[in-house]
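> okay, here's the prediction I keep looking at, along with the sequence it came from:
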Amino acid sequence: MKLYLFILIFFINFFNIYSQNNQPSPEEKPPTNEETSKPMFDNYQLSLDGIFFPRYEMKDRTPIGRDDLAGSSEQTTGFTLARTYLNLRGKVKEGELKGYSFRLTSDITPFGTMGDGCINDTCTRSNPYTMYLKYAFVNIPVLKRKDTFIRLGLQHDPTVNAQSRISLQEDGWGHRYIARTTWEDIGLAPSVDRGISIIHNSTFYAGHILLGNGEGPFRNNAERISTPFVDPKNGVRRLSEGVNDSYGLSLSGIFSIIPTGENAKNILSINFPFRLENVVGVNNNEVQFLAIDICGNQTALPANAIVTTFNAPSTVCEFSQSGIPNFSYYRGTKRAKQDLSYGTEVDYTYNNKEFKFTIGAGTVLKIDRRGEAVRLSRGLLLGQNPSISASEFTSYYQTQTDTVGNANYILAHVKWKDYGAFARHTIGTAGNLLGQLGTRASKSWTQQVLEQDSANNIFGDLSYTDLNRLDMGKAVFKSSVLGVTYYFTPSFIISFGLSETRATDTVGRRARENVLERFPAIAGSSASGRNLSEQLESPQAFYSYTSFYNSLGYNLPGQFATNEWIGKEIIDRQVFLRAQFIFGDVERMSERN
């Protein structure tokens, strides 16, 4: 409540001061009829420009012979378009709105990447490029200052592409047509969000702070919020982990220190990007709710029941006899939805007429905040569960400590006359997706062993395979991109390069896949699994060929893993030709307007 009151008072005072500063002085003459009759667009400076990222992606194969991924959201083979901006920019030159400016930008993307993905006939059959709104914002100068302004609308996320003097995308990495900025590439932040920001520039420092929805450009605030927690054990776990969208707003920003000031030949910047998820606005209903079941299991119709309905069933709802339906009350904590990331990046650029060189390095820390969650059930409150087994305890209560992941990266690019080269290398805690930053388990190896061992209420029966699947915090990914560039003109450049990503699993072994994954399962098979490898790991296969699995040392289903026998390292490699073409004023094509 205090925060909302502060924001209200701030804006009231801001517009009060602004309106006072815009009152005409006694010496000012009222506008003449000739001035007021000018066409509206005479007061606007309008421009139209654009930028294209045409590409050709080679069809590469993994070590097991698997081709590049194909699908509604994949563009890894053949000719593609990664970006097609059409920018309409405007700035007010005169009048009471002098200094105000706006930008409207359209872009294209495969239909399958929009919103909830490829779920309709148009997408699954043809999947054309579709045009959408990338940017739509207005800039409002603060007290008519040129170095500070407020931005409203669909706009850049400062951790990816700050609109202050230093941008990690434009000034640090400088090769967006090749790959995304590190923060976006490893999954920490969207490049665009809806919200309000303040941007300030000075000689030796600059900053950009955005308060936005947090869901990015393709989803509304809290679009995917839900309460899929009816399964007791998973419900308590998910509440303690803080999954799903939120009504909360996220705060992201960057502060930059520029020791070299206005020096255009030598530019040194020390940057501190950060992102705080759901800092305000998390709703209580997101973390607590009541689930009710008025029926429960079916039970035999009581002998003394009076049946007045023809063909009445022989069973009734279990809770119809007690008069008290089954219920579960779930409660978690808001902090589990308030993850945060922060880091540091230092960049140095040397620039003269024919030679330009940039080198940079950065580090990022991701903290996945966790909390505690509890479930109170009918049976527990009425004393119908006098004892709770070890395997059932986590369906009533879970508490988790925060999990942490980190990434470090270096980058460099050089240009001499019409020739250039670039490289970037990132090492980080591996997540579920290859190349995405994850976090290490918050539970110690001992705690994981105890929980896994008690899962079936039998202690001391863990196998070597079970121990090998625990999270020892050794999951790491390594991602690299490098190549050479030729500058045909300042407006048209083309690069030939290679990107590659590898990873290790939670126990430090290289992430693997096997050739049997290339053989899809026949629809309707009694063995679960999408391919031959998964079918060999299924319980149905174990019970059908028990002697075979016993001979390999496996006595229970779920222990056999195909990759442990014939797996090869996963290497995601892409060879490419990628280009950038600009039309309009090349000098004005900075994203910072």
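Nice, thanks for sending it over. Numbering: from 1, shown residues only.
> list the contacts for residue 581?
By CB atoms under 8 Å, 6 or more residues apart in numbering, residue 581 lies in contact with 51-52, 54, 491-492. Every residue, glycine included, has its C-beta placed from N, CA and C.
> so which of those residues is the closest to residue 474?
The closest of those to residue 474 turns out to be residue 54 (CB to CB; 40.2 Å).
> filter the contacts of residue 581 down to the ones in strands?
Cross-referencing those against strands under DSSP state E gives 51-52, 54, 492.
> of these, grab the buried ones for PyMOL.
For anyone working in PyMOL, the buried entries among these, judged by 16 or more other CB atoms under 10 Å, can be selected with:
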select buried, resi 51+52+54
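> re earlier: any idea which of the contacts of residue 581 is closest to residue 417?
Residue 417 lies nearest to residue 492 out of the contacts of residue 581, by CB to CB, at 15.4 Å.
> please name the nearest non-neighbouring residue to that closest one.
Leaving aside its chain neighbours, residue 492 sits nearest to residue 581 (5.1 Å; criterion: CB to CB, 6 or more residues apart in numbering).
> which of the contacts of residue 581 sit farthest apart?
Greatest spatial distance in those: 54 and 491, 13.2 Å, computed using CB to CB.
> now the contacts of residue 581 in JSON lines, with distance to residue 421 and pLDDT?
Output for the contacts of residue 581, formatted as JSON lines (distance: CB to CB, whole Å; pLDDT from 0 to 100):
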{"residue": "51", "distance to residue 421": "22", "pLDDT": "93"}
{"residue": "52", "distance to residue 421": "22", "pLDDT": "92"}
{"residue": "54", "distance to residue 421": "20", "pLDDT": "94"}
{"residue": "491", "distance to residue 421": "20", "pLDDT": "92"}
{"residue": "492", "distance to residue 421": "18", "pLDDT": "95"}
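> of those residues, which is the nearest to residue 139?
Nearest to residue 139 among the contacts of residue 581, counting by CB to CB, is residue 51 at 20.0 Å.
> residues contacting the closest one?
Residue 51 makes contact with 83-85, 87, 580-583, 589, according to CB under 8 Å, 6+ apart.
> which residue ranges of the stretch 1-150 of the chain form helices?
Here the stretch 1-150 of the chain has its helices, by DSSP state H, counting those that start in this stretch, at 2-21, 33-36, 121-125.
> ok so, going back, lowest-confidence one in the contacts of residue 51?
Lowest pLDDT within the contacts of residue 51 is found at residue 589 (49).
> strands paired with the helix or strand hosting the residue nearest to residue 492, and their directions?
Per DSSP states H and E, residue 581 falls inside strand 572-583. Using DSSP bridges, strand 572-583 pairs in its sheet with strand 44-57 (antiparallel), strand 492-504 (antiparallel).
> point out the most buried one among these.
Comparing the strands paired with strand 572-583 by mean neighbour count (mean count of other CB atoms under 10 Å), strand 492-504 ranks first with a mean of 18.
> and it, how far out from the chain's middle?
Computed by CA atoms, centre = their mean, to the nearest Å, the separation of strand 492-504 from the middle of its chain amounts to 21 Å.
> tell me the first helix or strand C-terminal of it.
On the C-terminal side of strand 492-504, the nearest following helix or strand under DSSP H and E is strand 512-513.
> which residues touch the helix or strand just after that following strand?
Using DSSP H and E, the helix or strand that follows strand 512-513 in sequence is helix 532-536. Helix 532-536 has contacts (CB under 8 Å, 6+ apart) with 514, 516-517, 519, 521, 525, 527-529, 541, 560, 562-563.
> with pLDDT as added columns, please give those in a markdown table.
Listed next are the contacts of helix 532-536 as a markdown table, based on pLDDT from 0 to 100:
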| residue | pLDDT |
| --- | --- |
| 514 | 91 |
| 516 | 91 |
| 517 | 88 |
| 519 | 90 |
| 521 | 88 |
| 525 | 81 |
| 527 | 79 |
| 528 | 83 |
| 529 | 86 |
| 541 | 91 |
| 560 | 89 |
| 562 | 91 |
| 563 | 89 |
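> just those now: which is nearest residue 163?
Nearest to residue 163 among the contacts of helix 532-536: residue 517, at 44.6 Å, using CB to CB.
> ok, and the closest non-adjacent residue to residue 286?
Nearest residue to residue 286, sequence neighbours excluded (CB to CB, 6+ apart): residue 246, at 5.9 Å.
> helix, strand or coil: sort out the one you found for me.
Of the three states, residue 246 takes coil under DSSP: H, G, I helix; E, B strand; the rest coil.
> count of neighbours near it?
Close neighbours of residue 246, defined as other CB atoms under 10 Å, add up to 25.
> and if you look at residue 327?
Number of residues near residue 327 (other CB under 10 Å) recorded here: 16.
> what helices and strands are in contact with the helix or strand containing it?
Secondary-structure assignment from DSSP H and E places residue 327 in strand 326-331. Using 3 or more CB pairs under 8 Å, 6 or more residues apart in numbering; DSSP states H and E, the elements in contact with strand 326-331 are helix 232-241, strand 288-293, strand 372-377, helix 378-381.
> one more time with 7 Å
Using 3 or more CB pairs under 7 Å, 6 or more residues apart in numbering; DSSP states H and E, the elements in contact with strand 326-331 are helix 232-241, strand 288-293, strand 372-377.
> just the angle between the longest one and strand 372-377, please?
It stands for helix 232-241. Going by axes from the mean of the first three to the mean of the last three CA atoms, to 10 degrees, helix 232-241 is angled at 150 degrees with respect to strand 372-377.
> so how far is helix 232-241 from its chain's centroid?
With CA atoms, centre = their mean as the basis, helix 232-241 stands 21 Å off its chain's centre.
> equivalent analysis for the second one, please.
Averaging C-alpha positions (CA atoms, centre = their mean) puts strand 288-293 30 Å from its chain's average.
> report all helices and strands that that strand contacts.
When contacts are defined as 3+ CB pairs under 7 Å, 6+ apart, strand 288-293 packs onto strand 326-331.
> the strand it packs on: what's the following helix or strand?
For strand 326-331, the succeeding helix or strand toward the C-terminus, using DSSP H and E, is strand 340-351.
> name every strand pairing with the helix or strand just after that following strand and say which way it goes.
Using DSSP H and E, the helix or strand that follows strand 340-351 in sequence is strand 355-368. Sheet pairing of strand 355-368 (DSSP bridges) gives strand 340-351 (antiparallel), strand 403-416 (antiparallel).
> to residue 377, which of the strands paired with strand 572-583 lies closest?
Closest of those to residue 377 is strand 492-504, at 40.4 Å (criterion: CB to CB).
> helix, strand or coil for the residue nearest to the spatial centre of the chain?
Centroid-nearest residue in the chain: residue 187, 4.5 Å away (criterion: CA atoms, centre = their mean). Assigned state for residue 187: coil (three-state reduction, three-state DSSP).
> save the contacts of residue 581 as JSON lines, and put in distance to residue 415 too.
Listed next are those as JSON lines, based on distance: CB to CB, whole Å:
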{"residue": "51", "distance to residue 415": "18"}
{"residue": "52", "distance to residue 415": "20"}
{"residue": "54", "distance to residue 415": "20"}
{"residue": "491", "distance to residue 415": "15"}
{"residue": "492", "distance to residue 415": "14"}
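> residue 361: which of those is nearest?
residue 51 (27.7 Å).
> still on that earlier bit, farthest pair within the contacts of helix 532-536?
By the measure CB to CB, 525 and 563 form the most distant pair in those, at 20.8 Å.
> doesn't residue 142 make contact with residue 148?
Yes - using CB atoms under 7 Å, residue 148 is in contact with residue 142, at 4.4 Å.
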